[in-house]
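Peer 1: whatever this is, show me its structure:
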Amino acid sequence: MHELVIRPDWAQQIGQLRERLTEDTNIIRWGNSFYRCCRNGAPVALRVAAPDRSMALPLQLRPSDLYVTQVGLATEMGRYGSLTSELLVSSAKFEHAVRSLAAGTVHGDEAFGLRSLVVFCVAEALRFDSVAHDVGFALRTMDVAGGAKPMPLRRWWPTVHAWGQACDAVWAELNAELRRASLLPAALRNGPDRTRSARATYKRMSGAVLEAAKGAAVLKRPTA
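Peer 2: Now for the predicted structure:
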């Protein structure tokens, strides 16, 4: 089972998990790195642990879009609530969410808000490396002068909501051969498929969709 620990190196942990859960592509994204692509497959089990690893919260993740579908042993996540954008990420809040949900000591709207916080810190960090870095920064010690401040989720809200549209837009602009090659598992790509590459095209995008396409580290698999 994959494990993430609530620590300031959150971005590094997320990056390693992203590498294990997704495939590389030859699609050059904004900033001259390469997009990665989600895989099809069975749900992935992982857990988020408190800093001392004395308690951990099990999760299930859908590999085709990296969304956390289950939090705890039996709780279906569903969509974020309308008030999720009002939440703040901090080390204390994140640890409280993991411990409270794992112990089953919160219920109703409070539990849903804490589940949303956990899902954001995992799923959106996997999709956007800049979110992973921001979460990691927010997890740094807050009890010293100049320490990290809690991160408001509303800063990212329009961008993360546009991720699906942005992925569809990136795929739509690719030529058929590069799209086909990028959707193959790396082990099944032949010589030309390994070397064929192109830059993503953003000319037809605008607003939050454009920002999501530029910021995304991973593309969800297209539905068609």
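Peer 1: right, and V5 touches S54 too?
Peer 2: No: assessed by CB atoms under 8 Å, V5 is found out of contact with S54, at 11.1 Å. All C-beta spots, glycine's among them, are computed from the backbone N, C-alpha and C.
Peer 1: the two: who's more crowded?
Peer 2: V5 (16 against 8; other CB atoms under 10 Å).
Peer 1: mind listing what the more buried one touches?
Peer 2: Shown in contact with V5 (CB atoms under 8 Å, 6 or more residues apart in numbering): 13, 48-51, 53.
Peer 1: out of the residues you listed, who's nearest G78?
Peer 2: Taking CB to CB as the measure, G78 lies nearest V48 of the contacts of V5, at 18.4 Å.
Peer 1: lowest average confidence, helix or strand, in the protein?
Peer 2: When the helices and strands of the chain are scored by mean pLDDT, DSSP states H and E, strand 75-76 comes last with a mean of 73.
Peer 1: that older thread, ok, of the contacts of V5, which come out buried?
Peer 2: Buried by 16 or more other CB atoms under 10 Å: 13, 48-50, out of these.
Peer 1: what's the closest of these to S206?
Peer 2: Nearest to S206 among the buried ones among the contacts of V5, counting by CB to CB, is Q13 at 33.4 Å.
Peer 1: show the pLDDT at that closest one.
Peer 2: In this prediction, Q13 carries a pLDDT score of 97.
Peer 1: try T84
Peer 2: Predicted confidence (pLDDT) for T84: 68.
Peer 1: rewinding a little: among the contacts of V5, which ones are in strands?
Peer 2: 48-49 (DSSP state E).
Peer 1: the contacts of V5: which two are farthest apart?
Peer 2: Spanning the widest gap among the contacts of V5 are Q13 and A50, at 14.1 Å by CB to CB.
Peer 1: L4 - that's part of a strand, no?
Peer 2: Yes: assessed by DSSP: H, G, I helix; E, B strand; the rest coil, L4 belongs to a strand.
Peer 1: got a list of what it touches?
Peer 2: When contacts are counted by CB under 8 Å, 6+ apart, L4 touches 10, 13-14, 17, 46-49, 122.
Peer 1: so can I have JSON lines of the buried ones among the contacts of V5 showing distance to A181?
Peer 2: Converted to JSON lines, the buried ones among the contacts of V5 look like this (distance: CB to CB, whole Å):
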{"residue": "Q13", "distance to A181": "30"}
{"residue": "V48", "distance to A181": "34"}
{"residue": "A49", "distance to A181": "37"}
{"residue": "A50", "distance to A181": "42"}
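Peer 1: closest one of these to A217?
Peer 2: Q13 (14.1 Å).
Peer 1: now that closest one: closest residue in space, sequence neighbours ignored.
Peer 2: Computed as CB to CB, 6 or more residues apart in numbering, the closest residue to Q13 that is not its neighbour in sequence is L4, at 5.3 Å.
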